[in-house]
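Undergrad: Model the following, please.
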Amino acid sequence: MAFSTYFDLLCSHKYFDRLMKYFNSKYGTLASSPVEGATTSGKPATETFQAPEGMTKEQSRSLIDRFLAQQGREKTGEQREPRYGSLIKRYYMIDNGGSTGSIITSDHVAALINNKTHIEDIYESLKKEFGMGKRGAELAPYSSFLNSIQTQKQGLMALSQYRMDAVNPNAVPGDMFEELRTLFQALEVVPSSRKTKLVAVSKTLHFLLPDLVMPIDSKVLRFLRKGDIPPKTEKQFE
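TA: Alright, predicted model coming up:
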């Protein structure tokens, strides 16, 4: 993900496809010579460019500047892109050449759940790349995390048949809803003493069921005008 947070992407989704199409065509030039006003080099840049159709120069400069600043930051330790990318490739059976494998089946999902390396990568990604374990966002012990996921294998297999873009929000299948409720309650992603689990569980479910669940945090809720994360677990699930 080029932008620094999921919220950044949501905020800019109106322009994202347009910007990326334009940016990809100009990447070589822009990456070596940041746009006017960019700060990645510590000095103002002098290059100017024609903004993509439908965007003002200020909008495109701001987004590209953030892209370049993110790419130019010093990377230390584990990075989000490599591990997240490997998890997604493993889920969608994409080889190094970019070839997509077969359609996702419940058996494939079961194999991933049984794959301790895959689950460990999810745990490490949550901890090191998505910041869980910082600012009070403590994770449960890995053994509890692993066991709770593998215990819910049947439910995860059942949910693998659903895709977010194929579900009518006004007619959500009851069995899908109840399976998600069970998972939300049962997954031990944070210690049981912590009542706020929406962020950690939604991110975990995104790794396990990327076609169905998107990560949610307080910024996303406010962007969707849903307020802050409620204290009660059932309200968090809703």
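Undergrad: Tell me where this structure has helices.
TA: Using DSSP state H, the helices of the chain run over residues 6-11, 13-32, 57-72, 80-92, 106-114, 116-124, 142-151, 153-159, 174-186, 198-208, 218-223, 233-237.
Undergrad: other SSEs contacting the last one?
TA: Packed against helix 233-237 by the contact rule (3 or more CB pairs under 8 Å, 6 or more residues apart in numbering; DSSP states H and E) you find helix 174-186. Using the backbone N, CA and C atoms, a C-beta is placed for each residue, glycine as well.
Undergrad: Remind me what the helix it packs on packs against, helices and strands.
TA: helix 153-159, helix 198-208, helix 233-237.
Undergrad: can we see that at 7 Å?
TA: helix 153-159 (3 or more CB pairs under 7 Å, 6 or more residues apart in numbering; DSSP states H and E).
Undergrad: list the buried ones in the helix it packs on?
TA: 155-157, 159 (16 or more other CB atoms under 10 Å).
Undergrad: cool, stretch 186-199 as well?
TA: 187-190, 196-199.
Undergrad: So among those, where is pLDDT lowest?
TA: Within these, pLDDT reaches its minimum at Thr196, with 87.
Undergrad: Does it touch Pro230 like I think?
TA: No - if you go by CB atoms under 7 Å, Thr196 and Pro230 don't touch, sitting 8.8 Å apart.
Undergrad: What does the pLDDT read for Thr46?
TA: 42.
Undergrad: quick thing: my sequence starts at 875, can you match it?
TA: Sure, I'll start counting at 875 from here, so that last one is Thr920.
Undergrad: Nearest to Phe1004, out of the buried residues of stretch 1060-1073: which one, please.
TA: Nearest to Phe1004 out of those is Val1073 (CB to CB; 9.0 Å).
Undergrad: Would you mind measuring from the residue lying closest to Ala1032 once chain neighbours are set aside to Ser960?
TA: Of all residues not flanking Ala1032 in the chain, Glu1053 sits nearest, at 5.6 Å (CB to CB, 6 or more residues apart in numbering). Glu1053 sits 27 Å away from Ser960, going by CB to CB, to the nearest Å.
Undergrad: Then Ser1017?
TA: 23 Å.
Undergrad: Which one of those two is surrounded by more residues?
TA: Ser960 (14 against 9; other CB atoms under 10 Å).
Undergrad: returning to what we had before: could you dump the buried residues of helix 1027-1033 into TSV and include pLDDT?
TA: Below are the buried residues of helix 1027-1033 laid out as TSV (pLDDT from 0 to 100):
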residue	pLDDT
Gly1029	96
Leu1030	97
Met1031	96
Leu1033	96
